[in-house]
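Novice: okay, predicted coordinates and the sequence, questions at the end:
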Amino acid sequence: MQEKTVDMDTIVSLSKRRGFVFPGSEIYGGFGSFWDYGPLGVEMKRNVKDAWWRAVVHRRDDVVGLDAAIIMHPAVWKASGHVDGFIEALVECKVCHQRFRQDQLEGGTCPSCQGLLTEPRWFNTMFRTFVGPIQDDASVAYLRPETAQGIFANFRNVQIATRRKLPFGIAQIGKAFRNEITPGNFLFRQREFEQMEIEYFVRPGTDDEWHQRWIRDRFEWYVSHGVKRENLRLRPHESDELAHYAKGCADIEYRFPFGWAEIEGIANRTDFDLRRHSTASGQDLTMFDEQSGEHILPYVIEPSAGVDRAFLVFLIDAYDEEPDKEGTRVVLRLHPRIAPIQVAVLPLSRNAKLVPTAREVWGQLREHFVTSYDDAQSIGRRYRRQDEVGTPLCVTVDFQTVEEDRAVTIRDRDTMDQVRVPIAELVPALRERLFD
Ligand code: GAP
């Protein structure tokens with residue numbers, strides 16, 4: 001097993017220095033573990049979401065997309081069990097006043113100072129707000145703690161509009177909010193985060209088989225986007241840790257610098273949610289099953305991933321350092337579909353002979369790839385800067401380009417090999433190296 005070489009502080013500081021992720025509200029001293037994605041972070045986060053959407057919607061014929069509102073009728077959260085069941089026990093140290101989730105403590109004393117703890121207080125981790133100008137109990141609404149319920153509430157609309165038959169799935173990406181007692185570990189546990197969820201509706205009786213298929217598919221998605229297999233593992237839930245709605249669940253876990261932890265859960269939610277919403281709303285949410293000739297309530301397999309956790313995994317797993325003549329080369333070995341910049345165009349220098357051609361090449365490539373341009377400092381420095389943010393390919397324009405052959409050099413981030421390619425053949429040459 002390969003040992004992790006990078007610690008969280010290194011990742012947090014690289015993220016800030018290079019514009020991946022900034023502490024939220026930093027000019028006011030930060031605020032409650034909220035984080036903001038910077039110019040490179042927003043590109044990479046979009047890539048994570050696009051790669052997921054491509055895999056689970058565009059490349060399949062049995063899953064369609066949805067984008068539901070964050071704020072839903074409060075009755076949704078009553079029916080789903082969140083109003084009564086989405087609660088955590090909070091304990092506070094009587095000496096240092098730090099707060100902890102009781103279920104995350106190993107002993108009965110404060111893990112920081114060994115002080116005595118208060119009795120547990122229960123509180124619901126859904127954020128509450130008010131809809132309309134009057135702030136009273138009748139206008140209370142919640143920021144969704146999971147995107148899943150937007151899918152269940154639209155199950156019938158989607159099924160009728162798309163005339164789907166079982167099995168079929170609905171996928172959604174969006175913000176979720178939880179008033180976590182102990183947010184932390186950078187992007188890992190936040191109070192505002194993003195989820196990528198699929199509710200995959202199946203005929204009861206086929207649910208176990210579909211559960212296993214989704215577990216396999218989702219695990220391989222991380223591997224196929226560059227995460228090292230040895231840093232991933234599957235952990236089936238024990239029966240006493242299953243969520244209130246689940247018959248079975250397996251977590252995909254990653255070996256973070258702080259230990260193994262969940263990045264995605266794949267649950268068998270049975271017909272729990274559709275049944276509860278059907279009863280609470282009075283609407284018939286069954287569908288006609290041609291095979292049995294009956295109206296049935298489908299079972300649901302739910303692969304539920306965190307965008308921010310996936311982002312963090314890609315960042316950590318890609319991080320590498322190797323000795324070079326200037327000391328250390330930091331490289332993010334990001335998959336080309338995840339890397340925030342795909343190609344950087346670098347003139348050998350700012351010489352007036354080179355710049356127009358370099359800019360012309362940059363203009364051409366921008367139509368096809370996410371491309372940046374950098375002409376500040378030495379070429380060696382600029383390669384290092386691109387390596388540090390994971391740019392897979394650099395294109396260098398030199399004097400030979402403008403004086404002799406209208407060809408440029410493609411330099412590979414991982415091997416540092418350089419090949420010369422005519423400008424006229426550059427786009428297919430880059431595409432082949434990035435995506436084939
Ligand atoms: N609909 C099922 C559901 O929400 P979950 O295990 O509570 O299940 C699913 O959340 C995923 O959402 C997790 O595997 C994780 O990736 C992400 N997630 C949950 N809470 C989070 C938090 N506080 N900060 C960042 N990501 C979180």
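Specialist: Arrived safely. Here the structure is a predicted model, which is why all the values come from computation and not from measurement.

Novice: show me which residues of the stretch 101-250 of the chain sit near the ligand.
Specialist: Contact residues (C-beta under 6 Å from any ligand atom) of the stretch 101-250 of the chain with the ligand: 146, 148, 178, 180, 189-190, 193, 195, 197. C-betas here are computed from N, CA, C, even on glycine.

Novice: Serialize these to TSV and add fields for pLDDT and neighbour count.
Specialist: As requested, these are exported to TSV (pLDDT from 0 to 100; neighbours: other C-beta atoms under 10 Å):
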residue	pLDDT	neighbour count
Glu146	98	19
Ala148	98	25
Arg178	97	20
Glu180	93	16
Arg189	97	18
Gln190	97	23
Phe193	98	20
Gln195	98	21
Glu197	98	25
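
Novice: and His211, helix, strand or coil?
Specialist: The three-state label given to His211 by DSSP: H, G, I helix; E, B strand; the rest coil is helix.

Novice: how far away is it from Ala310?
Specialist: Distance of His211 to Ala310, given as C-beta to C-beta, to the nearest Å: 21 Å.

Novice: could you do Asp412 as well?
Specialist: In terms of C-beta to C-beta, Asp412 sits 25 Å off from Ala310.

Novice: looking at the two, which is more packed in?
Specialist: The neighbour comparison of Asp412 against Ala310 (other C-beta atoms under 10 Å) goes to Ala310, with 27 against 13.

Novice: which SS class is the spatially closest residue to Glu302 that is not a sequence neighbour?
Specialist: Spatial nearest neighbour of Glu302, excluding adjacent residues (C-beta to C-beta, 6 or more residues apart in numbering): Ala267 at 4.8 Å. Using three-state DSSP, the structure places Ala267 in strand.

Novice: what is Ala267 paired to in the beta sheet?
Specialist: Cys249, Glu302 (DSSP bridges).

Novice: give me the neighbour count for it.
Specialist: Neighbour tally, Ala267, other C-beta under 10 Å: 24.

Novice: quick one: it from Arg218, how far?
Specialist: The value you get for Ala267 to Arg218, if C-beta to C-beta is used, is 12 Å.

Novice: ok, Pro428 next?
Specialist: 33 Å.

Novice: same question, Asn47
Specialist: 18 Å.

Novice: would you list every one of the strands in the stretch 201-350 of the chain?
Specialist: Assigned by DSSP state E, counting those that start in this stretch, the strands in the stretch 201-350 of the chain fall at 232-236, 248-256, 259-270, 287-289, 294-296, 299-306, 319-324, 327-332, 343-347.

Novice: will you turn these into TSV that also has distance to Arg385 and mean pLDDT?
Specialist: Listed next are the strands of the stretch 201-350 of the chain as TSV, based on distance: least, C-beta to C-beta, whole Å; pLDDT from 0 to 100:
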stretch	distance to Arg385	mean pLDDT
strand 232-236	30	97
strand 248-256	27	97
strand 259-270	29	97
strand 287-289	55	92
strand 294-296	58	95
strand 299-306	29	98
strand 319-324	14	94
strand 327-332	10	95
strand 343-347	9	98
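
Novice: dump those strands to a markdown table, plus distance to Asp9.
Specialist: Converted to a markdown table, the strands of the stretch 201-350 of the chain look like this (distance: least, C-beta to C-beta, whole Å):
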| stretch | distance to Asp9 |
| --- | --- |
| strand 232-236 | 23 |
| strand 248-256 | 13 |
| strand 259-270 | 16 |
| strand 287-289 | 51 |
| strand 294-296 | 53 |
| strand 299-306 | 21 |
| strand 319-324 | 12 |
| strand 327-332 | 14 |
| strand 343-347 | 27 |
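
Novice: list, one by one, the residues from the stretch 251-400 of the chain near the ligand.
Specialist: 262-265, 302, 304-306, 308-309.

Novice: any of those buried? List them.
Specialist: Of the members of those, the ones counted as buried by neighbours, 16 or more other C-beta atoms under 10 Å, are 263-265, 302, 304-306, 308-309.
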